[in-house]
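> I'll drop the sequence and a predicted model, then ask my questions.
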Amino acid sequence: MNLSPTFSTVTVHDCLLLCNDHAPITLNASISFPGCRVQVLHDKLPPPTKAWAALPVSQDSSHLDLTLTELIGEGRIGMTYAARMNAANDASGVDLLASGLVPPEVCLKIAKPHFCRSMAREAWFYEQMRPLQGIATAKYFGFFTATVEGAQTNPLNESEASEKGPVTVVPWAASKTRPEHMFKKAHWPSEDFLIDDSTAWMYTDEHGFKKNSPWNTWQHSEDQPLLSMLVLEKLGESYYRQQDEPEGEEREALRSSLRDIVSDIATIGVSHNDISAFNILRAPPGSKAMCPTHNCIHEWRITDFDQSTKIDPDSQHEGYESRFFILTSELVCGAERLVVDAALGLQQLGHSIDLYTSYHDPNHCFEETRDGTLNVHHVVSPFPRSLNGKFHILFSHLRQLHLTTHILSHHTPKYDLYFVDQLSTCIPFLRLLGKTRVVFYCHFPDKLLATGATAEEKRAKDLGWLKRVYRVPMDWLEEVTTKQADVILANSLFTVGMFEKYFPSIPQTPRVVYPGINLSAYEAQVDASDPDIAAVTSDRPTILSLNRFEMKKNAMLALQAFALLKKRRKDFDEPRLVLAGGYDPRVEDNVNTLRQLVDCAKSLSLVYTIESPSSLAPQASSLNTKSPNPEILFLLNFTMAQRTALLLNPSTLALLYTPANEHFGIVPVEAMACGLPVLACDSGGPTESVVSSPPNQPDERTGWLKAPNPEVWADVLNELVSLSPEERKAISERAKKRVREMFTMDAMARSLEEALVEAYEMGKVDTESLGWVRTVVMMLVGFLLAYLVGPFVLPSSG
């Protein structure tokens with residue numbers, strides 16, 4: 001094993017400014033900060049192991065001498081610099097630079113003053129990955145710290161620094177992120193909060209390696225700021241910088257090599273949790289270290305382990321492999337947000353996830369599916385979404401079956417489990433031909449979605465007998481294919497009730513796995529100077545509604561209630577309503593919904609404008625009026641940053657969630673995570689997420705649940721905008737607490753992992769009893785024929 005040498009001290013030139021003159025600084029090797037162990041289901045706690053402890057600090061005379069040369073980039077916790085190697089001597093005085101044991105140029109990752117704990121923890125991960133240094137990760141030459149008394153910790157340019165004080169740390173001065181923007185989180189003990197500082201069940205420190213570390217209680221001091229840095233091998237350009245990604249077999253070979261590197265890291269129990277195209281860097285020229293697992297020299301390296309976690313590989317459940325497959329239809333809307341968060345959560349637990357979809361537009365999707373965080377496979381379907389506005393359901397099933405055919409081909413990897421979202425048509429084929437267990441997540445029975453049925457409505461109220469007969473093949477197919485799933489999950493108790501009522505032949509009761517959110521995504525600071533942010537934020541009192549532009553979402557309710565509030569409260573200073581959501585100009589429902597909302601705003605004499613971070617589609621552009629001070633803002637296809645800015649803006653007073661009988665509804669949870677009071681309909685999933693206590697017991701309230709009546713909602717809006725600061729703060733704290741306890745990504749990932757393990761432990765799929773397969777195939781043929789002919793022979797339901 002060819003390990004990189006580490007050193008006792010390092011002197012860095014051009015790192016400090018003393019009275020406007022560059023000066024060197026010497027740092028001492030520091031102990032790293034062990035992470036918690038990620039608990040794996042059913043595993044036994046391993047005995048104390050020295051391998052988990054931080055490596056002892058070298059006390060000899062080995063020394064590095066470096067000079068900063070250029071800034072490479074800035075990340076969440078630090079600045080990355082290139083540095084020239086002036087000298088490198090071991091304890092015996094041997095010149096390691098001349099002997100070629102250290103390179104002539106290295107990389108310094110220098111922590112921002114508030115993030116030294118994170119840097120110490122990243123150092124521990126490099127120690128844990130010593131066998132992979134120079135193979136799958138960068139070579140590591142040590143972690144060093146020094147106190148810099150009198151140094152300014154705010155980012156300043158050099159001219160400002162000379163005026164502010166005698167000592168300036170050049171990398172801190174170069175930072176574009178000021179301390180007040182560094183991920184402040186009201187419920188966290190420090191800005192440098194780590195992923196395993198959480199009390200979530202999966203993080204265990206049974207042997208005290210983390211708890212007993214001096215870094216565990218470290219806090220930044222303005223009087224004596226600590227300078228800390230990693231010295232690493234300098235790598236090449238990032239994967240993101242590639243001008244032309246190869247196509248076809250060459251592209252798949254490249255992706256396969258990247259998966260091999262991730263696999264190398266996983267073999268020693270490390271889950272990166274934040275892999276993207278930006279932290280996959282090309283190996284240095286002339287790299288010769290051979291990967292012992294794959295018997296090759298990897299072309300790429302993975303960096304940035306400050307958000308990683310580690311599982312003790314020896315403690316994992318025997319025979320349990322964690323390569324999961326997730327199949328979903330599209331990656332653009334609320335239901336698919338759950339799929340994205342599920343993949344992220346499972347990935348953070350150390351599982352390998354591949355996500356397959358038949359539709360993925362980089363300009364209209366979740367950022368994690370675009371930036372490389374998740375491994376997304378977009379299999380382009382030969383089938384359209386519809387034909388002349390007809391055959392929607394037919395083509396949905398054909399697209400999924402085409403995707404299933406691709407997945408079951410010999411080109412795709414073997415998976416331990418399949419996780420299927422929304423449509424169940426593929427389940428029998430994945431089990432039979434893939435010989436793999438399937439977990440199915442039911443958002444809501446499709447037979448009810450197609451007719452608009454709810455607990456309070458008769459399913460066939462608007463359907464003639466011909467149309468009911470026409471529905472029979474699809475309804476039967478949905479029920480029989482759903483029944484084939486090994487484990488069935490649902491997003492709410494409301495959905496479970498509908499499932500049991502309308503799928504009487506399925507003996508299995510779905511277990512509830514509430515959708516969870518990634519809290520950090522709702523707490524990150526946004527750049528107020530960004531034009532996209534400035535276009536949607538305001539100091540005016542704001543009422544917010546987040547929903548796709550669909551008729552069933554009933555955004556008209558928010559518009560009408562807002563108009564009534566304005567009439568009743570003449571003293572309310574220039575309020576505005578922001579109606580934000582996904583908008584697809586290809587979908588007739590989206591186009592008609594926006595048009596009707598615009599017509600309603602005009603009829604109510606409300607001034608409006610339409611905004612979008614991308615160019616407006618012609619259907620929306622033709623409706624737009626540019627007003628400098630609109631009362632209604634229609635925001636189409638908002639970005640994550642815009643959503644966060646609106647939810648966290650102090651001027652935002654409430655979130656209106658207008659759909660009735662919503663299956664779950666993630667938006668109220670997102671709002672509560674940001675401390676916003678919620679007004680939602682008194683039916684469906686929001687009754688499980690929002691606490692609407694009686695007026696005489698307000699101490700549990702996180703929002704209001706009311707019948708979808710504009711007059712009633714206007715009354716509640718009047719109450720909401722009249723809340724005192726103390727009342728608003730109390731609701732905010734209760735809402736955040738409820739989300740942390742019930743609706744986090746950690747909680748969802750834990751529940752999903754339990755379901756996946758249960759399915760895996762069922763063993764091999766029995767493929768002997770194939771009688772039902774013929775039935776499914778015959779019904780599929782009949783179903784497809786019915787849907788081909790039906791739209792032409794049956795009267796429209798509209």
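Looks like it arrived, so ask away. Keep in mind that this is a model prediction, so the values were computed, not measured. Numbers count the residues shown, from 1 in each chain.

> how about the nearest residue to Phe444, chain neighbours excluded?
The spatial neighbour of Phe444 that comes closest, neighbours along the chain excluded (CB to CB, 6 or more residues apart in numbering), is His663 at 4.2 Å. C-beta: built from backbone N, CA, C; applies to glycine.

> so that neighbour lies in a strand, does it not?
No - His663 is assigned coil when assessed by DSSP: H, G, I helix; E, B strand; the rest coil, not a strand.

> so what's the closest residue to Leu68 other than its chain neighbours up against?
Leaving out its chain neighbours, the residue that sits closest to Leu68 by CB to CB, 6+ apart is Asp14, at 4.5 Å. Asp14 makes contact with 22, 24, 67-68, 170, according to CB atoms under 8 Å, 6 or more residues apart in numbering.

> sort those residues by pLDDT and name the bottom one.
Scanning the contacts of Asp14 for pLDDT, the low point is His22. It has 87.

> does the closest residue to that residue other than its chain neighbours fall in a helix, a strand, or a coil region?
Computed as CB to CB, 6+ apart, the closest residue to His22 that is not its neighbour in sequence is Asp14, at 4.9 Å. Secondary structure, three-state DSSP: Asp14 is strand.

> pLDDT of the stretch of helix or strand Ala654 belongs to, averaged?
Per DSSP states H and E: Ala654 is located in strand 652-657. For strand 652-657, mean pLDDT is 98.

> circling back to that earlier point, where does the residue nearest to Leu68 land on pLDDT?
pLDDT at Asp14 comes out at 93.

> one step back: make a markdown table from the contacts of Asp14 and add secondary structure and distance to Thr481 to it.
Listed next are the contacts of Asp14 as a markdown table, based on DSSP: H, G, I helix; E, B strand; the rest coil; distance: CB to CB, whole Å:
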| residue | secondary structure | distance to Thr481 |
| --- | --- | --- |
| His22 | strand | 70 |
| Pro24 | strand | 69 |
| Thr67 | strand | 66 |
| Leu68 | strand | 62 |
| Val170 | helix | 63 |
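
> only whichever of those are buried, select them in ChimeraX.
Applying 16 or more other CB atoms under 10 Å to those, the buried members can be selected in ChimeraX as follows:
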select :67,68,170
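
> closest one of the contacts of Asp14 to His351?
Leu68 (39.6 Å; CB to CB).

> next one: that closest one from Gly516, what distance?
Look at Leu68 and Gly516: by CB to CB, to the nearest Å, they are 42 Å apart.

> how many other residues sit next to the nearest residue to Ala490 once chain neighbours are set aside?
Nearest residue to Ala490, sequence neighbours excluded (CB to CB, 6+ apart): Pro510, at 3.9 Å. Neighbour count for Pro510, taken as other CB atoms under 10 Å: 23.

> now do Cys681
Counted with other CB under 10 Å, Cys681 comes out at 25.

> and the one 5 residues further on, by the same measure?
Summarising burial for Pro686: neighbours were counted as other CB under 10 Å, giving 27.

> grab the nearest non-local neighbour of it.
Per CB to CB, 6+ apart, closest to Pro686 is Ala680, 3.9 Å.

> doesn't the one you found lie inside a strand?
Yes - under three-state DSSP, Ala680 falls within a strand.

> list the contacts of it.
Per CB under 8 Å, 6+ apart, neighbours of Ala680: 656-658, 665, 668, 686, 690, 703-706.

> what about stretch 544-559, start to end distance?
Taking CA to CA, to the nearest Å as the measure, stretch 544-559 stretches 11 Å from start to finish.

> where does the stretch 551-700 of the chain have low pLDDT?
694-698 (pLDDT under 70).

> show me where it has strands.
Remark: strands assigned in the stretch 551-700 of the chain by DSSP state E, counting those that start in this stretch are 576-581, 608-611, 632-636, 652-657, 678-681.

> who touches the second one?
Translated: strand 608-611. By CB under 8 Å, 6+ apart, the list of residues contacting strand 608-611 reads 535-536, 594, 598, 601-602, 616, 620-621, 623-627, 630-636.

> inside helices: which ones of these?
If you go by DSSP state H, these have 594, 598, 601-602, 620-621 in helices.

> rewinding a little: any idea how far Leu544 is from the residue nearest to Leu68?
In terms of CB to CB, Asp14 sits 48 Å off from Leu544.

> check Pro613 too.
On the measure of CB to CB, Pro613 and Leu544 end up 17 Å apart.

> who has more neighbours out of those two?
Set Pro613 next to Leu544 and count neighbours by other CB under 10 Å: Leu544 wins out with 25 against 18.

> quick one: pLDDT of Asn718?
pLDDT, Asn718: 95.

> quick one: it and Arg569 touch, right?
Yes - using CB atoms under 8 Å, Asn718 is in contact with Arg569, at 6.4 Å.

> ramachandran angles for the residue nearest to Ala490?
phi -60, psi 140 (degrees, to the nearest 10).

> list the contacts of Leu344.
With CB under 8 Å, 6+ apart, Leu344 has these contacts: 368, 373-374, 518, 745.

> same thing but at 6 Å, please
Going by CB atoms under 6 Å, 6 or more residues apart in numbering, Leu344 touches no other residue.

> what's the ChimeraX line that selects buried ones from the contacts of Ala680?
Command for ChimeraX that selects the buried part of the contacts of Ala680, burial taken from 16+ other CB under 10 Å:
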select :656,657,658,665,668,686,690,703,704,705,706
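
> who touches Arg568 in this structure?
Per CB under 6 Å, 6+ apart, neighbours of Arg568: none.

> equivalent analysis for the one 10 residues further on, please.
Listed by CB under 6 Å, 6+ apart, the contact set of Val578 reads 542, 544, 633.

> OK, contacts around the residue nearest to Phe444?
With CB under 6 Å, 6+ apart, His663 has these contacts: 443-444, 491, 495, 685.

> could I get these as a markdown table with distance to Val587, secondary structure and neighbour count?
Converted to a markdown table, these look like this (distance: CB to CB, whole Å; DSSP: H, G, I helix; E, B strand; the rest coil; neighbours: other CB atoms under 10 Å):
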| residue | distance to Val587 | secondary structure | neighbour count |
| --- | --- | --- | --- |
| His443 | 18 | coil | 20 |
| Phe444 | 19 | coil | 23 |
| Asn491 | 23 | coil | 25 |
| Thr495 | 24 | helix | 23 |
| Gly685 | 23 | coil | 27 |
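
> strands of the stretch 301-450 of the chain, residue ranges please.
Using DSSP E, counting those that start in this stretch, strands in the stretch 301-450 of the chain cover 309-310, 323-330, 352-359, 376-378, 417-421, 438-442.

> let me see the ranges of the helices in the stretch 401-550 of the chain.
If DSSP state H, counting those that start in this stretch is used as the criterion, the helices of the stretch 401-550 of the chain fall at 427-432, 446-449, 465-483, 493-502, 531-534.

> could you say which of those is packed most deeply?
helix 427-432 (a mean of 22; mean count of other CB atoms under 10 Å).
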